[in-house]
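**Q** Test case, fold it:
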Amino acid sequence: MIKSISGLNESEDKTRSVQINLCVIGDDDQNVFTFKGADTKYILQFQEEYKARRLLLTENYRSTKNIIETANCLIQNNPIRCKQSLEEQVRINSERQNLRGDPVLALIFNNLSQQAGWIKDKVKSWIQAGIAPHEIAILASRWDDLSPIRLLLERESISTYALKSNTIPLVKNRCTRLLINALQKDYSLVLNPEELVQERFEAFFERTGRSLTEPTVKTLINIAKDLDKERGYGSEDVVLPISGDEILTAIFEFNENGESFLENNSVLVTSCHGSKGLEFRKVILLTDGFKTNGNELESERRLFYVAMTRAEEELVICFTKQSTFIQQAALTSQVTAYTENQLPQLMCYFDLTPSDVYLGYEITKNKQNIIKNLCEHDLIEIRANNHNNTWSIFTRNNDEIGCLSKRGRRFLQQKGMSPSQFKFQTNEITVKYIYHHLKRDDISGEILEDWFVVIPQIRVCR
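**A** Just a heads-up that it's a prediction; the model follows:
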């Protein structure tokens, strides 16, 4: 790439040297994607290979002094880093020198249920004190550790959301297909400067019977808001028109990039990887599940460091098992008892995927009129079939609309939910997505299957 930028690829003289102005920015302490091929050696070798001048950016404008010092204490245990001397470590920016902030807490619990109960109470107290839900994040290495916390928060009417990479593509959702089809049919569409894309989208979804609270609809409306800002609404004197093709391009680009929008009135409950680049006033970090042995130690330490430094004002670290990282961060563990007697005994939060559902089910094909009228978050049911050997999906009106795949059945079986022994209760199953299933012949490309399939969400808290 650098040869291409400098023009050396086009030169026949392989010995010719050139000088170009090139700026490369990176933070080796925040390299958390080694499983995708990222390696800190590329940053460390760059200076030597290209005789580059190194400039260290060490002022932190986000976190309090206590959070920065605790995070530094941890990451300095990685032996190979750009920032080696004491003077090179990250520090609070000079304008906030006196902002030490609350001490970082390290709390150990007897079990995950007690930990979830304490966190639920802590989040409630923050919100009651005036902290907005979107200013709070709960981060973990393992998704399963977050399930009881989400369930307890939602039982208290505190909305949560996650940033998961295994969700279905935006353009495979029923809501999105409706919008795309309408835009493609109206090929000459051009919105004048006085017409908002947001208002156009909202009117369309209301006209087609969709709820504006559906997650996919909210995502599409957020795309529309961004388009309106780019056109100049709210900041420029001149607002540009926009064509239907430009709107479609924005939807497809968003789909390709795999982006997500942060939600305004919800607590983020997500993985440490998903939190990279974000910041929150209050952060709770769960440490169970971090690998502290073997070849992954340094990478896991960097991930822990990234999660810690998402916090602006307050960082609380929770765990049920002692961690090497707690000791390396020079934190003292506090044994924390949680005595609420009403904690549920069974707490499971599962976002099923298309591979968990039998996509080619004939009944699903024949019930399209019913499926197309469902909305995300509508209540549905999962029941054992007549032979008690798999799970069938029903509407609340007792219409069978699908069934789980072998993979989905095995997944629930591993969680102790066998069709012959377990029964889901009312309000435990909702529509997560309405997925556009399209199957083509591998050779001819002929469409063999083309219909919508309900993908359930399971929330058990009892």
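
**Q** Check the burial of residue 241 by counting its neighbours.
**A** 12 (other C-beta atoms under 10 Å). The way it works is simple: take the backbone N, C-alpha and C, and place the C-beta from them, glycine included.

**Q** which residues does it contact?
**A** 190-193, 231 (C-beta atoms under 8 Å, 6 or more residues apart in numbering).

**Q** Which of these fall in strands?
**A** Taking DSSP state E as the definition of strands, these contribute 190-191.

**Q** Just the buried ones from the contacts of residue 241?
**A** 191, 231 (16 or more other C-beta atoms under 10 Å).

**Q** Extract the residue ranges of the chain that are flagged as low pLDDT.
**A** 6-18, 166 (pLDDT under 70).

**Q** For it, just list every one of the helices.
**A** 2-6, 41-49, 65-75, 112-128, 147-155, 174-185, 197-207, 215-231, 244-257, 297-308, 324-328, 362-366, 368-371, 406-414 (DSSP state H).

**Q** of all those helices, which lies closest to residue 287?
**A** Residue 287 sits nearest to helix 324-328 of all the helices of the chain, at 6.4 Å, using C-beta to C-beta.

**Q** Is residue 248 in contact with residue 183, as I believe?
**A** Yes - here residue 248 reaches residue 183: they are 5.3 Å apart, a contact under C-beta atoms under 8 Å.

**Q** any idea how far residue 403 is from residue 413?
**A** 15 Å (C-beta to C-beta, to the nearest Å).

**Q** Looking at the two, which one has more neighbours?
**A** residue 403 (20 against 14).

**Q** OK, contacts around residue 291?
**A** 297, 300.

**Q** Just grab the bridge partners of the residue nearest to residue 396 when sequence neighbours are not counted for me.
**A** Leaving aside its sequence neighbours, residue 396 sits nearest to residue 379 (C-beta to C-beta, 6 or more residues apart in numbering; 5.6 Å). Beta-bridge pairing of residue 379 under DSSP bridges involves residue 430.

**Q** Residue 379: neighbouring residues, count only.
**A** Using other C-beta under 10 Å: residue 379 sits among 13 other residues.

**Q** show me the residues around it that make contact.
**A** Contacts of residue 379 by C-beta under 8 Å, 6+ apart are 396, 426-427, 429-430.

**Q** cool, residue 178 as well?
**A** Residues near residue 178 by C-beta under 8 Å, 6+ apart: 204, 208, 210.

**Q** Chain neighbours aside, what residue packs nearest to residue 364?
**A** Per C-beta to C-beta, 6+ apart, closest to residue 364 is residue 402, 4.7 Å.

**Q** picking that back up, is it possible to export the contacts of residue 241 to CSV including distance to residue 298?
**A** CSV is the format used below for the contacts of residue 241 (distance: C-beta to C-beta, whole Å):
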residue, distance to residue 298
190, 54
191, 51
192, 56
193, 53
231, 46
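
**Q** okay but residue 452 is in contact with residue 431, surely?
**A** No - counting by C-beta under 8 Å, residue 431 is not a contact partner of residue 452; they are 11.0 Å apart.

**Q** anything in contact with each of these two?
**A** With the criterion set as C-beta under 8 Å, 6+ apart, the contacts of residue 452 and residue 431 do not overlap.

**Q** of all the contacts of residue 241, which comes closest to residue 422?
**A** Of all those, residue 422 sits closest to residue 191, with 51.3 Å by C-beta to C-beta.

**Q** which residues does that closest one contact?
**A** Counted by C-beta under 8 Å, 6+ apart, residue 191 has contacts 197, 200, 241-243.

**Q** again, only using 10 Å
**A** Residue 191 makes contacts with 197, 199-200, 227-228, 231, 239-244, 246-247, as judged by C-beta atoms under 10 Å, 6 or more residues apart in numbering.

**Q** Next, the distance between the ends of stretch 44-54.
**A** 10 Å (C-alpha to C-alpha, to the nearest Å).

**Q** Please identify the buried residues of that stretch?
**A** Buried-residue list, stretch 44-54, by 16+ other C-beta under 10 Å: empty.

**Q** Repeat that for stretch 403-417.
**A** Applying a neighbour-count criterion of 16+ other C-beta under 10 Å, one finds 403-405, 408-409, 411-412, 417 buried in stretch 403-417.

**Q** ok, now stretch 391-401?
**A** Neighbour counts over stretch 391-401 (16+ other C-beta under 10 Å) mark 391-395, 400-401 as buried.

**Q** Now the phi/psi pair for the spatially most central residue of the chain, please.
**A** Ranked by distance to the mean C-alpha position of the chain (C-alpha atoms, centre = their mean), the top residue is residue 163 at 1.0 Å. The phi/psi pair for residue 163 (degrees, to the nearest 10) reads phi -110, psi 90.

**Q** Pretty sure it sits against residue 266.
**A** No - contact criterion C-beta atoms under 10 Å: residue 163 and residue 266 do not qualify, at 11.4 Å.

**Q** if we can go back for a sec, just among the contacts of residue 178, which is most surrounded?
**A** In terms of neighbours by other C-beta under 10 Å, those top out with residue 210 at 20 neighbours.

**Q** Hmm, residue 182 and it touching each other?
**A** No - counting by C-beta under 10 Å, residue 210 does not reach residue 182; the two are 11.9 Å apart.

**Q** Provide the contact partners of stretch 410-424 at residue level.
**A** Counting by C-beta under 10 Å, 6+ apart, 144, 346, 348, 350, 352-353, 355-356, 381-385, 387-392, 404-405, 409, 456, 458, 460 sit against stretch 410-424.

**Q** Mark which of those residues are buried, thanks.
**A** 348, 350, 352-353, 356, 381-384, 390-392, 404-405, 409, 456, 458, 460.

**Q** quick one: which of the residues you listed sit in strands?
**A** Short answer: those in strands (DSSP E) are 348, 350, 381-384, 391-392, 456, 458, 460.

**Q** and of those, the nearest to residue 306?
**A** Set against residue 306, the nearest of these by C-beta to C-beta is residue 350 (26.7 Å).

**Q** Relative to residue 457, how far out is the closest one?
**A** 7 Å.

**Q** ditto for residue 395
**A** Applying C-beta to C-beta to residue 395 and residue 457 gives a distance of 15 Å.

**Q** again, but for residue 269
**A** From residue 269 to residue 457 the distance is 14 Å (C-beta to C-beta).

**Q** quick one, which of those two is more surrounded?
**A** Remark: of residue 269 and residue 457, residue 269 carries more neighbours, 26 against 17, as counted by other C-beta under 10 Å.

**Q** In contact with that one, which residues?
**A** 119, 123, 136-140, 143, 146-147, 149-150, 153-154, 160-163, 284, 349.
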